Structure formats: structure tokens, C-alpha cells
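> task: produce atomic coordinates for the following.
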Amino acid sequence: MRILHLIQRYWPARGGAESLLGELSARLAAAGHQVTVATTDALDFELFWNPHRRRIASREDMYAGVRILRFPVRHLPAASLAYSGVRRLLWLLSAVRPVPQSTLFRLARLTPRVPDLWRWLANTGEEFDLVAGMTICFEPLLEAGWRFARRRHIPFVAYPLTHLGAGAQPGNDALSRFYTMRHQVALVRAADAAVLQTPAERDFYTGRGVAPERLVVAGSGVDPSNVLGGDGARFRRAHNLDGFLVVSLSALSYDKGTVHLVEAVRQLWRAGRSIELILAGVATAPFQAYLNTLPPADRTRIRLLGSIDEAEKRDMLAAADVFAMPSRTDSFGIVYLEAWLYRVPVVAARTWGVSDVVTDGEDGLLIPFGDVPALAQALGHLQDHPDARAELGARGAAKVYRLHTWAQKYAPVSELYGRLTGSRR
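Numbering: from 1, shown residues only. The predicted model follows:
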């Protein structure tokens, strides 16, 4: 097969979606298929609305057998305000039924604005057998792929990675509405198939008219041999750590729950508890502004590692007593699986999708998103009960081997691609 994948960022940019598509693309290439990934030049996630963040200079690369084509992100004047303003306008117009979907699609193409990608798709003479697009909140890239597939009369597969939020109903809180707008759902409905992360995501789309037979719940996975091998003692020596250690790995932001995690640990510090907090990942500008408001005594106790490589990530997970990422913007959460492989219990937010991955009281603890006292109580409970930590971590590790290895996750995707292209031939 000749496969074209589209995504907002790709290697060496790092994130959950990037890891998922990277693994699937590399496995497809290893199986003998020709895989091209068309993406942007964004290295930092914030580049989509902040022209001063980092870009990737190379326009074409090969990595793990996959050809990568990068197209520059272009910005409107007053880029940050314009980006957020357009997204909010889309949300408002999506709720107004007389506004046609074509208007929503045209407006969405400004966020992000990647005109060179659209031009390449319009003019390339390359032949492909299947196109797939990932991440519904970057719907211009999915739309570009879908329109290209329709012109070429080849199958289109959507990987929406829908953040369904923490509301009473999936897709019903303020944040998740930016992932479930009318034109976004229409893209999934128009796809020949959609690869979903969880049963909650499947139920959301079947409730909006997508035929169940076109939905495949695959989820994300890990390769234990690539995750294990960390040296916790080495990590603790390197960072002069002694005692109970809570770690987190994500973009450092409000929506990822990082602010609430810091506030929960500060509550425990004020209660006299000895807890070390490690935060790994790129700090967003709002999170950095929040840190600057903290008392210097607290700010200096928070260990900020920034972006870390795979070796340091393995060591950090091996050293951890608890992994905490109480996020409301994850459709699955690969890093929970990685922590479990080290038999580390996880603390997550009770959100749609993540609740299908983490079972409260079985292999981790779920708390309401933004509930700092509940988060502090969960961390304090795990500090006081090492046997409970061991049990939760062991059950999590067993779950990974039972359900969430890449060998298990790749098979349904490979079968789907073969079926779609085979039926076309």
C-alpha cells in the first residue's frame, strides 16, 4: 500500500498523537508499505498561535522508514489573539444551524493556516492508495486529506482523538465543545472509517449518526521493550531525591492539570508532608506565568525538567512512587501505560475516555478535574499506603500486557487498511 498520513506535528516533535501515528506509521513501513507523513514545521505546540516558538528547519526527512514532508505554519496578524478568536467564533457559529458547514470549514483553515500543504495536495502527481488524518481539533489538516482522497477516489480514515471532557455527558463541557463542533463531527461521519481510542469515543460518534461498522476501537499502546530498562536510583542520585516522589510528564498547562497538581502538593507541604514533585515537559506561557506568582520557597521546591529524552523518561518512571497527570485534554493517555509498566500507580482526572483506560481503585485513582483537595487527598493516601501503591501498580502492569501492547493495537489498523484498499481494488 501507498499510504498518506496527515497530522499537526511529527517526529522529532513529541506528544501523544505524535507517538501514536509515529508507531503506526513505522510498523506499516516495516511491513513493506510506502508511508508518507504530511505535517507542519511546528516543533513546539504553541507555534500554531505563537510565531516565536520553535520550528523544524528540515522540509523533508526519513525516519523509521517513513518519509516526512513538512509545510510551514503561517500566522495571521496578532497571531495569538487571532487564533483563539477564530476558534471561539467557530464554536459559536457551529451552534447556529443556518450557518452552512462550508463556512465553518473555510474559517477553520485559518487555524492552523498551512496553505503550502493544500497546494501540494492539489498539485502532486504522487499516487496513494489510502489517506488518513489524525486529531480532530486540527480539522483543516483532516479536511485537506479528506478532499484529496475524494478527488482521487481512495479511502479516507479519520483518527479524531476526541477530547470528550469532564462534563456530565461526553462532549458537553466548555473545553470539549471545541473538539465536537458540527463540521468536525461531519468529517468523521464522511470518512470511510474512523479509528477510535475508547468505547466512550465510539459511543459518542454512533450517537451522532456514524455507522458502527465504520468505527474501529483500537486505542494506543506501548512496546514494553522500548519503555522498560530505566534506572530509578540513577535518577534519584542525579536530582538529589530522597523520599516520596510524584512525577508528571506532559505539556505543563492548566488543561493538563499541572496547575492543580502543583496546588495539591503545596497543600500537602503546608500540612507538613515531605513530597518531591518532578514536572517534565514543555511549560506553556500561562503555566510559567502561574509559577511566577508562587512564593519563592515553593517555586524552588518544584523540579522542572523541561523536555526530556527517552532515557531520562525511563529513569524518571523507574524512580517514581506515583505518576500524576489529572488532565482533561487526553483521549487516552499513553503515558499512563508507560508508568504502569514500572508498576507505578497513576492518578488521573475522571474524564470521558480516560475513565475507559484507568479503573478507579483498581489500577489507579480518578479525581474530578480541577478538584485540588481531592487530588491532595489521593496523593496523601498513596503516600501513606505503600501496599496500595504496589497493588495498583501491579494491576496496571498486568492490564498493559493483557490489552495495550502495540502488537495488539497495530493488528486492527493493519486489517482495516487492507480491507479498505482491498475492497477498492
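> going forward, measure contacts between C-alpha atoms and count neighbours the same way
OK.
> the worst-scoring helix or strand of the chain on mean pLDDT - contacts with which helices or strands?
Using mean pLDDT, DSSP states H and E, helix 406-424 stands out as the lowest-scoring helix or strand of the chain, at a mean of 90. Helices and strands touching helix 406-424, by 3 or more C-alpha pairs under 8 Å, 6 or more residues apart in numbering; DSSP states H and E, are helix 16-30.
> the helix it packs on versus helix 406-424: what angle between them?
Calculated by axes from the mean of the first three to the mean of the last three C-alpha atoms, to 10 degrees, helix 16-30 forms an angle of 70 degrees with helix 406-424.
> pull out the CA atoms of helix 16-30 and give them to me as PDB.
Output in PDB follows, covering the C-alpha atoms of helix 16-30 (Å, rounded to 0.1, in the frame of the first residue of the first chain):
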ATOM      1  CA  GLY A  16       0.600  11.600  22.500                       C
ATOM      2  CA  ALA A  17      -0.800  11.900  19.000                       C
ATOM      3  CA  GLU A  18       2.700  12.100  17.600                       C
ATOM      4  CA  SER A  19       3.700   8.900  19.400                       C
ATOM      5  CA  LEU A  20       0.600   7.100  18.200                       C
ATOM      6  CA  LEU A  21       0.900   8.000  14.500                       C
ATOM      7  CA  GLY A  22       4.600   7.500  14.600                       C
ATOM      8  CA  GLU A  23       4.300   4.000  15.900                       C
ATOM      9  CA  LEU A  24       1.600   3.000  13.400                       C
ATOM     10  CA  SER A  25       3.500   4.600  10.500                       C
ATOM     11  CA  ALA A  26       6.800   2.900  11.400                       C
ATOM     12  CA  ARG A  27       5.100  -0.500  11.700                       C
ATOM     13  CA  LEU A  28       3.300  -0.100   8.400                       C
ATOM     14  CA  ALA A  29       6.600   0.800   6.800                       C
ATOM     15  CA  ALA A  30       8.400  -2.200   8.400                       C
END
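> go through that helix and flag the buried ones.
Counting neighbours by 16 or more other C-alpha atoms under 10 Å, one finds that the buried residues in helix 16-30 are 16-29.
> the least confident helix or strand of the chain: how far from the chain's middle?
22 Å (C-alpha atoms, centre = their mean, to the nearest Å).
> repeat that for stretch 169-183.
Stretch 169-183 sits 16 Å away from the centroid of its parent chain (C-alpha atoms, centre = their mean).
> can I get it as PDB, trimmed to CA atoms?
Coordinates of each C-alpha in stretch 169-183 appear next as PDB, following Å, rounded to 0.1, in the frame of the first residue of the first chain:
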ATOM      1  CA  GLN A 169     -22.300  14.000  29.200                       C
ATOM      2  CA  PRO A 170     -19.400  13.400  26.800                       C
ATOM      3  CA  GLY A 171     -18.600  16.400  24.700                       C
ATOM      4  CA  ASN A 172     -20.700  18.600  26.900                       C
ATOM      5  CA  ASP A 173     -18.300  20.800  28.900                       C
ATOM      6  CA  ALA A 174     -16.700  24.100  27.800                       C
ATOM      7  CA  LEU A 175     -13.500  22.700  26.500                       C
ATOM      8  CA  SER A 176     -14.700  19.600  24.800                       C
ATOM      9  CA  ARG A 177     -17.100  21.600  22.600                       C
ATOM     10  CA  PHE A 178     -14.000  22.800  20.700                       C
ATOM     11  CA  TYR A 179     -13.400  19.200  19.700                       C
ATOM     12  CA  THR A 180     -17.000  18.300  18.800                       C
ATOM     13  CA  MET A 181     -18.200  21.100  16.600                       C
ATOM     14  CA  ARG A 182     -20.600  20.400  13.800                       C
ATOM     15  CA  HIS A 183     -18.100  20.500  11.000                       C
END
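> residues touching it, excluding its own?
Applying C-alpha atoms under 8 Å, 6 or more residues apart in numbering, the contact partners of stretch 169-183 are 87, 90-91, 94-95, 101, 104-105, 136-137, 162-167, 200, 204, 352.
> give the ChimeraX command for selecting the buried subset of those residues.
Here is the ChimeraX command that selects the buried residues among the contacts of stretch 169-183 (16+ other C-alpha under 10 Å):
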select :87,90,91,94,101,104,105,136,137,162,163,164,165,166,167,200,204,352
